[in-house]
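>>> Sequence plus the predicted model coming up.
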Amino acid sequence: MRQSQLFTKTRKEIPADETSKNAQLLLRAGFIHKELAGAYAFLPLGQKVLNNIINVIREEMNAIDGQEISMTALQDKSVWEKTDRWDDKNVDIWFKTKLKSDQAVGLGFTHEEPITNMMTQFVRSYRDLPKFVYQFQTKFRNETRAKSGIMRTREFVMKDLYSFCHSKEEQDAYYDKVKNTYIKIFKRLGLGDRTYLTFASGGSFSKYSHEFQTICDAGEDEIYIHHDKHIAINKEVMLPEVLKDLGIEEKDLRIEKASEVGNIFSLGTRFSDAMGLNFNDEEGNKKEVWMGSYGIGPARVMGVIVETLSDEKGMVWPHEVAPFALHLVSLGKEGSESQKKAEELYDELRKHKVDVLFDDREVGAGEKFADSDLIGISIRAVVSEKSLQAGGVEIKERKGDKSEIISVEQFIKMYTNCCDDCNH
Ligand code: ATP
Ligand code: MG
């Protein structure tokens, strides 16, 4: 894509009403637009990052037999009454509205109820289980606080996966599989080192649930981390009994601020019982369906990446989530040799389907470099009179100061193959 054609612009000033670092940088770079407090539009560069995050998650969900669907935001009151989660006294974040007929509807803040209800139409016999179903779907939550930019909003896409199993044992085994998959996902998203499998309270169906917490100053949670074991304990379950369970001593723990990027829950039979979801076993006996639910907030992940990996010049995206695989920057004046060379390179890269952002704008080098640093694509390739004289293209990684000149041929060869393993 040609940067001159992007409808968004970078800006220098920090929006006065934004206190969070992620929103400040994303707004300045033109990745997002603030609609109202806690509601942001994703613009071309931001949407590409979000899609890359979603694609990593989708690949990993498919690898553990997830089947992708898309459920509705509009929700039927009667379904939620079956679990007692319609009443505002029990759930205080509902957005509710009414149809013209006066019938009440809600905007879904999660989907355990409707998906369990839906599955009653498809699950009859033991042959129909286990099943694993997920979606990337917009949730609505009337959050009290919305001050962390895209990390806590009132409308956001969630990846929610639900498992439907024959037995507790089968459900426990799948839960473990998801746990390992989440570890892999956060590693791929560049947050592996600072994301901790965190023990939290399990509700009434299991001793613990697990949160995936990323150490982050802007996070709203506090966790006790065990550095060597790379696990953590949520503040609410920081009890002697839990320490004993995990074979951990309090003196080895360190308190850190963190943000919950994902979580996994055993639901037992709470929802299946309420919705009448059951199956006939091989002997024809009616049995309960065991469930789990597993969430990740892709936009919160994106915000946490900005919060934790940026530097004083701007954002630093891990390669797999960067809005483009490559930032090609031309410094040549209109009609110059180097400008022609840059245009040629851009065409060649496009022919090979390399996802490249081409800075073809007629602005000074200083402005181009500042914008490139702000946008944060992992690799920058500069074509200028100087670079051509030195032998080709100047390659610089966004992280660190190293740069090198490589020949045009070498450059083409390198970058036409670079994305075989990633989403670009
Ligand atoms: P929190 O305690 O931070 O409010 P939660 O316990 O409400 O999170 P879930 O309901 O389990 O979270 O949602 C699953 C995932 O969705 C979370 O792990 C988080 O990544 C994301 N998420 C939750 N609330 C929001 C929000 N308001 N804005 C953006 N992402 C969110
Ligand atoms: Mg919440």
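All right, it came through fine. Residues are numbered from 1 along each chain as shown. Ligands and ions are numbered 1, 2, ... in the order given.

>>> Following the chain onward from the helix or strand Tyr294 falls within, which element is next?
Assigned by DSSP states H and E, Tyr294 falls within strand 290-296. Using DSSP H and E, the helix or strand that directly follows strand 290-296 along the chain is helix 298-309.

>>> helices or strands up against the helix or strand of the chain with the lowest mean pLDDT?
Lowest on mean pLDDT, DSSP states H and E among the helices and strands of the chain sits helix 408-416, with a mean of 88. Counting contacts by 3 or more CB pairs under 8 Å, 6 or more residues apart in numbering; DSSP states H and E, helix 408-416 packs against helix 337-351, strand 393-397. All C-beta atoms are positioned from the backbone trio N, CA, C, and that covers glycine.

>>> okay, these, which one's buried deepest?
Burial of those is given as mean neighbour count (mean count of other CB atoms under 10 Å); strand 393-397 ranks first at a mean of 20.

>>> got the contact list for Glu35?
Ala41 (CB atoms under 8 Å, 6 or more residues apart in numbering).

>>> Mind listing what's buried along the helix or strand harbouring it?
Assigned by DSSP H and E, Glu35 belongs to strand 32-36. Within strand 32-36, the residues scored as buried using 16 or more other CB atoms under 10 Å are Ile32, Lys34.

>>> List the strands paired with it, with their directions.
strand 39-42 (antiparallel) (DSSP bridges).

>>> could I get the strand it pairs with in CSV with only the CA atoms?
Extracted in CSV, the C-alpha atoms of strand 39-42 (Å, rounded to 0.1, in the frame of the first residue of the first chain):
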residue,chain,number,x,y,z
ALA,A,39,-15.5,3.0,22.0
TYR,A,40,-12.9,3.1,19.3
ALA,A,41,-13.0,2.6,15.6
PHE,A,42,-10.1,0.6,14.0
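
>>> residue boundaries of the helices in the stretch 201-350 of the chain?
Under the criterion DSSP state H, counting those that start in this stretch, helices of the stretch 201-350 of the chain are mapped to 240-246, 270-275, 298-309, 337-351.

>>> Same check on the stretch 1-150 of the chain?
Going by DSSP H, counting those that start in this stretch, the stretch 1-150 of the chain shows helices at 21-28, 44-63, 77-81, 112-119.

>>> so which of those helices gets nearest ligand 1?
Closest to ligand 1 of the helices of the stretch 1-150 of the chain is helix 112-119 (CB to the nearest ligand atom; 10.3 Å).

>>> what about the closest one and ligand 1, touching?
No. Helix 112-119 does not reach ligand 1 (CB under 6 Å from any ligand atom); its nearest approach is 10.3 Å.

>>> in the stretch 51-200 of the chain, what residue is nearest ligand 1?
For the stretch 51-200 of the chain, CB to the nearest ligand atom, closest residue to ligand 1: Phe156, 3.9 Å.

>>> Identify the bridge partners of that residue.
Lys139.

>>> Make sure it is actually in contact with Thr138.
Yes. Contact criterion CB atoms under 8 Å: Phe156 and Thr138 qualify, at 7.0 Å.

>>> So the two - more neighbours on which side?
Using other CB atoms under 10 Å, the more surrounded residue of Phe156 and Thr138 is Phe156, with 21 against 14.

>>> Figure out the length between the terminal residues of stretch 351-364.
Chord length of stretch 351-364, first to last residue, is 28 Å (CA to CA, to the nearest Å).

>>> Next, the buried residues of stretch 139-159.
Quick answer for stretch 139-159 (16+ other CB under 10 Å): 139-143, 146, 148-159.

>>> what's the average pLDDT for stretch 102-114?
In this model, stretch 102-114 has a mean pLDDT of 98.

>>> what does stretch 355-371 give?
97.

>>> What of stretch 237-245?
94.

>>> buried ones in it?
For stretch 237-245, by 16+ other CB under 10 Å, it's Val237, Met238, Val242, Leu243.

>>> Of the residues you listed, which pair is most distant in space?
The span of these, defined through CB to CB, is set by Val237 and Leu243 at 9.8 Å.

>>> What degree of burial does Glu283 show, as a neighbour count?
Glu283, neighbours per other CB under 10 Å, totals 7.

>>> and if you look at the one 3 residues further on?
The number of residues packed around Lys286, counting by other CB under 10 Å, is 8.

>>> what does Asn263 give?
18.

>>> rewinding a little: tabulate the buried residues of stretch 237-245 (JSON lines), appending distance to Thr195.
Shown next, in JSON lines, are the buried residues of stretch 237-245 (distance: CB to CB, whole Å):
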{"residue": "Val237", "distance to Thr195": "18"}
{"residue": "Met238", "distance to Thr195": "19"}
{"residue": "Val242", "distance to Thr195": "20"}
{"residue": "Leu243", "distance to Thr195": "21"}
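
>>> and which of the residues you listed is nearest to ligand 1?
Nearest member of these to ligand 1, counting by CB to the nearest ligand atom, is Val237, at 14.2 Å.

>>> Next one: the closest one relative to Tyr294, how far apart?
19 Å (CB to CB, to the nearest Å).

>>> ok, the closest residue to Thr269 other than its chain neighbours - contacts?
Closest residue in space to Thr269, ignoring its immediate chain neighbours: Glu288 at 4.3 Å, by CB to CB, 6 or more residues apart in numbering. Residues in contact with Glu288, defined by CB under 8 Å, 6+ apart, are Thr269, Ser272, Asp273, Asn278.

>>> swap the cut-off to 6 Å and go again
Listed by CB atoms under 6 Å, 6 or more residues apart in numbering, the contact set of Glu288 reads Thr269, Ser272, Asn278.

>>> beta partners for it?
With DSSP bridges as the rule, Glu288 is bridged to Asn278.

>>> Can you tell me which residue is spatially central in the chain?
Pro298 (2.2 Å; CA atoms, centre = their mean).

>>> what's across from the closest residue to Ala200 other than its chain neighbours in the sheet?
Using CB to CB, 6+ apart and skipping the chain neighbours, the partner closest in space to Ala200 is Asn234 (4.1 Å). With DSSP bridges as the criterion, Asn234 is bridged to Ile223.

>>> All set now, cheers.
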